[in-house]
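[1] Here is my input; please provide its structure:
(one chain, ligands or ions: 2)
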Amino acid sequence: MYKIQTLNKIARCGLDQLSRDTYEAATEILNPDAILVRSADMHSMELPPSVLAIARAGAGVNNIPIPACTQRGIVVFNTPGANANGVKELVIASLFLSSRNLYEGISWANSLAGTENIPEQIEKGKSRFVGPEIQGKTLGVIGLGAIGVMVANSAANLGMRVLGLDPFISVEAAWKLSHEVIKAPNLDMLLAESDYITIHIPLKDDTKGLFNAERISRMKKGARLLNFSRSGLVDNTAVKTAIAEGQLGGYVIDFPEAELLGVDKVLCIPHLGASTPESEDNCAIMAAEQLREYLERGNIKNSVNYPNCEMAPTGKTRITLLNSNVPKVISRITSTLGEYGLNIDEMLNKNRGEVAYNIIDVSDSVPDELIEKLRQVDGVVAVRLIPDCQ
Ligand SMILES: NC(=O)c1ccc[n+]([C@@H]2O[C@H](COP(=O)([O-])OP(=O)(O)OC[C@H]3O[C@@H](n4cnc5c(N)ncnc54)[C@H](O)[C@@H]3O)[C@@H](O)[C@H]2O)c1
Ligand SMILES: O=C(O)CC[C@@H](O)C(=O)O
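    Ligands and ions are numbered 1, 2, ... in the order given. Next up is the predicted model:
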């Protein structure tokens, strides 16, 4: 029986992937084999030694202590693209919401409740909510991954001129990008020419505070900024100052913090980007399937810290090893197997930066003592035995 700890509400259809005969999933569970999480902050959480894997039902993994997990041989997964459409739809909605001052206009209309001559008041007062159409305007999209590409393509379909910036764009994303999207040569050009800018990049050490006072000052005067990625990418104080000075025409944030609540021209959305039944289901199913594949077969798919590595099961005994990506580890592993007279039927080795992963199928039975010996091999981080791997 595998034990899965759930740190957030995970869609039922995802948990249904984990059959009740083989899996027990609960919020409170002792010595879990794996953790299923959405946005819960795991940085100060004490991870029990039993944890083999963490699956993030979502894209961003800044809530997970990745380096510490890698060091311990905990494989961390996310669900690339599973909620991208949900976010894209809210970004497009927010372009209109912000540009046409919809929130402010609707709030004002509601504030007239209980007063006289509503139609006359509406016609008299509506002019202060005039806002530009987006057709023909320029949208700068920073980050052309799963979400950025969808946003860029949809905006181009709505008649916008779209500038895209992503120095690390994947081949897969580039294939999906509309030919109408213009490649921005650098951030300066995108900042200077965009009427609207939307950010779709992960929060990491090198992206933290990307939109600071200096970068905001290089934006077109009155341009609007949309942040559906993470709050740490944009400096809140700089946003408030730029709005007060008229440099920024508006800020839409899906990760509001105290200092932004109630600020004029700041639209605080309560992290609803992926809050659709479709996105929640997609993420939960993908996360659960990836965990199952790893726990039952040792296959790694969509990991953010270990290499993807999949070998079709042969019905034999499978040994998996997580190790440092340094010379001679493989030879030490194979000679240890040789010492116990084990012949390798099939083997797959993949590396990623400083770490590597091996899947080894053998026909003979594997004594516990050998697994212990493999754990002692210099450079080996973790070893697992999966008998009768189907
Ligand atoms: N609001 C929500 O509910 C919600 C939902 C999903 C994702 N997100 C956030 O959105 C982010 C993007 O999600 P995604 O699914 O598109 O991820 P993704 O990994 O598919 O795309 C991220 C893209 O950013 C690019 N990138 C990285 N650093 C960059 C930089 N400095 N400049 C330009 N491009 C850079 C990468 O090359 C990649 O193409 C996530 O990391 C997460 O923080 C938020
Ligand atoms: O789980 C959610 O609701 C949001 C997930 C989102 O922030 C992500 O990074 O995928």
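
[2] can you pull the contacts of residue 241?
    residue 213 (Cβ atoms under 8 Å, 6 or more residues apart in numbering). C-beta: built from backbone N, CA, C; applies to glycine.

[3] Over to residue 159?
    Residues in contact with residue 159 (Cβ under 8 Å, 6+ apart) are 134-136.

[4] For it, give its distance to residue 34.
    46 Å (Cβ to Cβ, to the nearest Å).

[5] And the helices in the stretch 101-250 of the chain?
    102-111, 118-125, 146-157, 171-176, 187-193, 213-217, 236-244 (DSSP state H, counting those that start in this stretch).

[6] Output those helices in CSV; the columns should cover mean pLDDT and distance to residue 326.
    Formatted as CSV, the helices of the stretch 101-250 of the chain follow (pLDDT from 0 to 100; distance: least, Cβ to Cβ, whole Å):
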stretch, mean pLDDT, distance to residue 326
helix 102-111, 98, 55
helix 118-125, 98, 70
helix 146-157, 98, 33
helix 171-176, 98, 29
helix 187-193, 98, 37
helix 213-217, 98, 40
helix 236-244, 98, 43
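
[7] ranking those helices by burial, who's on top?
    helix 146-157 (a mean of 24; mean count of other Cβ atoms under 10 Å).

[8] if we look at that one, which residues are touching it?
    59, 80-81, 84-85, 87-88, 91-92, 95, 134, 139, 141-142, 144, 162, 164, 166, 173, 176-178, 180-181, 198, 200-201, 228.

[9] ok, back up a step: quick check: which of the helices of the stretch 101-250 of the chain is nearest to ligand 1?
    helix 146-157 (3.5 Å; Cβ to the nearest ligand atom).

[10] residues contacting the nearest residue to residue 161 once chain neighbours are set aside?
    Spatial nearest neighbour of residue 161, excluding adjacent residues (Cβ to Cβ, 6 or more residues apart in numbering): residue 138 at 4.6 Å. Going by Cβ under 8 Å, 6+ apart, residue 138 touches 160-163, 193-196.

[11] By neighbours, which of those wins?
    residue 196 (27 neighbours; other Cβ atoms under 10 Å).

[12] Kindly report the residues of the protein close to ligand 1.
    Neighbours of ligand 1 within the chain, by Cβ under 6 Å from any ligand atom: 58-60, 80, 83-84, 87, 142-148, 165-170, 173, 200-203, 207, 228-230, 254, 271, 273-274.

[13] Regarding this structure, what is its longest helix?
    helix 277-297 (DSSP state H).

[14] hmm, that one touching ligand 2?
    No. Using Cβ under 6 Å from any ligand atom, we find that helix 277-297 stays clear of ligand 2, coming within 6.7 Å at best.

[15] tell me what that helix is packed against?
    Packing partners of helix 277-297 (3 or more Cβ pairs under 8 Å, 6 or more residues apart in numbering; DSSP states H and E): helix 12-15, strand 34-37, strand 53-56, strand 75-77, helix 84-99.

[16] Present these as CSV; the columns should include mean pLDDT, distance to ligand 2 and mean neighbour count.
    Shown next, in CSV, are these (pLDDT from 0 to 100; distance: least, Cβ to the nearest ligand atom, whole Å; neighbours: other Cβ atoms under 10 Å):
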stretch, mean pLDDT, distance to ligand 2, mean neighbour count
helix 12-15, 96, 12, 16
strand 34-37, 98, 9, 25
strand 53-56, 98, 7, 27
strand 75-77, 98, 12, 26
helix 84-99, 98, 8, 21
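
[17] Adding distance to residue 335, write those out as CSV.
    Formatted as CSV, the helices and strands packed on helix 277-297 follow (distance: least, Cβ to Cβ, whole Å):
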stretch, distance to residue 335
helix 12-15, 42
strand 34-37, 32
strand 53-56, 29
strand 75-77, 26
helix 84-99, 46
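
[18] Starting from the longest helix of the chain, tell me the next helix or strand along the chain.
    strand 317-324 (DSSP states H and E).
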